[in-house]
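Asks: Any chance you can model this:
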Amino acid sequence: MSVNKPTKITPPEGSKKRDGGSLFERASGAFGLDRLASAPVPSKLESDKAKKFAPQRRKEEAAPEQPKRRASDYIGAPAEAQAAPTAPAEAAASPAPALEPLVRFKGEKREVVRSLLREQGLIDPDGGSSTLLEEFRIIKRQVLAAAKAEGTAQSRRVLVCSPHPNEGKTFCALNLAIALAGERDMEVLLIDADFGKPSIMNKLGLEAGKGFMDVLADPSQHVEDCVVGTDIGGLFVLPAGERTGRDSEYLASERTWEVLNRLTRGAPNRIIVFDSPPALAATPAAELAKHVGQALLVARADMTGQAALEDAIDLLSACPDIKLLLNDATFNPSGRKFGSYYGYGE
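Replies: Numbers count the residues shown, from 1 in each chain. This is a model prediction of the structure:
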């Protein structure tokens, strides 16, 4: 039995001794591996050799660099030009669906009797600044801020309601609509949704005709044909229409969504204000709450009870934003008096 013993290998003569360098460099110098270096490869073969080796090489021509395209380059282009590139990251964005045409209110504008507004204690749009106008300017700022924050068509629909009758909901709805109409480049549509006791047209001194309920009951009717224009800039009115006895059923139908979407789609500067029946006296208020983004619940000072407010809030809970509006308050515990600046309250 033989055992292989370690043998000292003597480097060949002529090799240079390297004290430093890596392990591979020292091994190359010790055993003369530098002589085994591969022949240099020419950067370009001669013409005859190139032809000889050409069939053995898989040659792929590089595709020309495609310029980057924007999504706008595909919109409106022919079908051939809209072919998506091979890379998913450069896929063309499909054009956004176009909104339906904006519903515009046409027809002759009717005159609102200013003296009638003053007799009822409403805002006179030609009477300059007043305490009442300043108070509703504060209210409309909150309404506009909420509509802008949400940025949806539903947030631009505002329901004005009260728990019981005679608490001032119609008074507040009219003043809010007139105050909103004072905004530049804004349209306000005031809808009389109190089908049992409509009063908006009478308070403005206008003649009532076909209105909201007629449009809901008859799918062939166009809502814009029933809208009444006024000589108050930016203010339009939609009468209540003929009462059918099935007000809640029509409001709960898909037709209501179609009509309201038609009024607000494509109209970011249009706000709809509903004057609804009292929440605890009739059911339409609860149905309308499903179609609006804001609700103003009017409480009359020294008249509306807390239990009534809580019940009304429960009925209007489908609305995501419910604000309380105190009406006819004669005592202010904070001592603040709105509208007294620059003689507004004089």
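Asks: Only C-alpha atoms from now on, for both contacts and neighbour counts.
Replies: Fine.
Asks: Model confidence score at T264, please.
Replies: Note on T264: pLDDT of 89.
Asks: Relative to S317, how far out is it?
Replies: Using Cα to Cα, to the nearest Å, we find T264 at a distance of 22 Å from S317.
Asks: who has more neighbours, those two?
Replies: T264 (20 against 15; other Cα atoms under 10 Å).
Asks: isn't the more buried one right up against G151?
Replies: No - look at T264 against G151 with Cα atoms under 8 Å: they stay out of range, at 11.9 Å.
Asks: nearest spatial neighbour of L133, skipping sequence neighbours?
Replies: Among residues not flanking L133 along the chain, I123 sits closest, at 6.2 Å (Cα to Cα, 6 or more residues apart in numbering).
Asks: what does A153 give?
Replies: T264 (5.8 Å).
Asks: Next up, the contacts around the one you found.
Replies: Going by Cα atoms under 8 Å, 6 or more residues apart in numbering, T264 touches 153, 156, 270-271.
Asks: Now tabulate these in TSV and tack on secondary structure and distance to G211.
Replies: Below are these laid out as TSV (DSSP: H, G, I helix; E, B strand; the rest coil; distance: Cα to Cα, whole Å):
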residue	secondary structure	distance to G211
A153	coil	21
R156	helix	20
R270	strand	19
I271	strand	18
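Asks: If we only consider those residues, which is nearest to G241?
Replies: The shortest approach to G241 among the contacts of T264 belongs to I271, at 20.3 Å (Cα to Cα).
Asks: A252 is in contact with A289, isn't it?
Replies: No - here A252 lies out of contact with A289, judged by Cα under 8 Å, at a distance of 10.7 Å.
Asks: the more surrounded of those two?
Replies: A289 (26 against 16).
Asks: what's the closest non-adjacent residue to the more buried one?
Replies: C319 (5.1 Å).
Asks: which SS state does the one you found fall under?
Replies: At C319 the chain is in coil, as set by DSSP: H, G, I helix; E, B strand; the rest coil.
Asks: can you check L296 too?
Replies: strand.
Asks: residues touching it, list them.
Replies: 158-161, 322-325.
Asks: which of those residues are buried?
Replies: 158-161, 322, 325 (16 or more other Cα atoms under 10 Å).
Asks: Rebuild these as JSON lines, extending it with distance to F212, pLDDT and secondary structure.
Replies: As requested, the buried ones among the contacts of L296 are arranged in JSON lines below (distance: Cα to Cα, whole Å; pLDDT from 0 to 100; DSSP: H, G, I helix; E, B strand; the rest coil):
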{"residue": "V158", "distance to F212": "16", "pLDDT": "98", "secondary structure": "strand"}
{"residue": "L159", "distance to F212": "15", "pLDDT": "98", "secondary structure": "strand"}
{"residue": "V160", "distance to F212": "16", "pLDDT": "98", "secondary structure": "strand"}
{"residue": "C161", "distance to F212": "17", "pLDDT": "97", "secondary structure": "strand"}
{"residue": "I322", "distance to F212": "24", "pLDDT": "96", "secondary structure": "strand"}
{"residue": "L325", "distance to F212": "26", "pLDDT": "94", "secondary structure": "strand"}
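Asks: ok, so of those, who is nearest A279?
Replies: The closest of the buried ones among the contacts of L296, once distances to A279 are taken by Cα to Cα, is C161, at 6.7 Å.
Asks: Please name the bridge partners of that closest one.
Replies: Beta-bridge pairing of C161 under DSSP bridges involves L297.
Asks: what separates it from T131, distance-wise?
Replies: 23 Å.
Asks: Helices of the stretch 51-200 of the chain, start to end?
Replies: Using DSSP state H, counting those that start in this stretch, the helices of the stretch 51-200 of the chain run over residues 114-119, 131-150, 169-181, 200-204.
Asks: still on that earlier bit, report the contact partners of the residue nearest to A289.
Replies: C319 neighbours (Cα under 8 Å, 6+ apart): 289-295.
Asks: With L180 instead?
Replies: Contacts of L180 by Cα under 8 Å, 6+ apart are 137, 140, 186, 188.
Asks: repeat that for 7 Å
Replies: Neighbouring residues of L180 by Cα atoms under 7 Å, 6 or more residues apart in numbering: 140, 188.
Asks: One more: T256?
Replies: Taking Cα under 7 Å, 6+ apart, one finds L216 in contact with T256.
Asks: okay, it: pLDDT?
Replies: At T256, pLDDT is 96.
Asks: D275 is in contact with R157, isn't it?
Replies: No - using Cα atoms under 7 Å, D275 makes no contact with R157, being 11.3 Å away.
Asks: who has more neighbours, those two?
Replies: D275 (27 against 24).
Asks: State the distance from that one to L309.
Replies: Counting by Cα to Cα, the gap from D275 to L309 is 18 Å.
Asks: circling back: overlap in contacts of T264 and G151?
Replies: By Cα under 7 Å, 6+ apart, no residue touches both T264 and G151.
Asks: Pull the number of nearby residues for the closest residue in space to R270 that isn't next to it in sequence.
Replies: In this structure, R270 finds its nearest non-sequential neighbour in E187, 4.6 Å apart by Cα to Cα, 6+ apart. Look at E187: counted by other Cα under 10 Å, it has 22 neighbours.
Asks: can you check the one 3 residues further on too?
Replies: Residues within reach of L190, counting by other Cα under 10 Å, total 25.
Asks: do the same with D126
Replies: D126, neighbours per other Cα under 10 Å, totals 8.
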